[in-house]
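Trainee: structural data only, the sequence is not supplied:
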């Protein structure tokens, strides 16, 4: 069975919002440059460390149109196999353009559920500022874990 695009197009507002010239509004340019991600199909994003290219999380996104859920079973299963956190992120578009890329609308709110390693059944609401800072916190936490693993691996026996 072939699946069709529901709306015949993919909204790229989250991608535009996530770029450093946009997120610098919330974190400052130095931290915004740390927020690296790559989109796999314009709906699934891999947060990664820009220096080491280590994947940090898998994020399935969709525009928030009031839907009660967003299916992300394959993304969650992939995250479990990769031992990565997994999130579903629904974003609500603003009535105005993103000042960093006026081809796309800005984002006014995020609705987020963690799917892995724990499954959160309730949506958490974040402002753009809060979500940008959550992404930075995720990055810092994972960097500390990777640093500890590196130190352990380099200890001679």
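Mentor: Structure received. On a predicted model such as this, the values are computed, not experimentally measured, just so you know.

Trainee: show me which strand runs longest in this structure.
Mentor: strand 101-116 (DSSP state E).

Trainee: show me what the helix or strand just after it is packed against.
Mentor: Using DSSP states H and E, the helix or strand that follows strand 101-116 in sequence is strand 124-126. On a contact count with 3 or more CB pairs under 8 Å, 6 or more residues apart in numbering; DSSP states H and E, strand 124-126 meets strand 101-116. C-beta coordinates here come from the backbone N, C-alpha and C atoms, glycine included.

Trainee: buried stuff in the strand it packs on?
Mentor: Of all the residues in strand 101-116, those buried under the rule 16 or more other CB atoms under 10 Å are 101, 104-107, 109-116.

Trainee: and the next element down the chain from the least confident helix or strand in the chain by mean pLDDT?
Mentor: One helix or strand of the chain scores below all others by mean pLDDT, DSSP states H and E: strand 36-39, with a mean of 68. Beyond strand 36-39 in the direction of the C-terminus, DSSP H and E gives the next helix or strand as strand 44-48.

Trainee: that following strand: how far from the chain's middle?
Mentor: 6 Å (CA atoms, centre = their mean, to the nearest Å).
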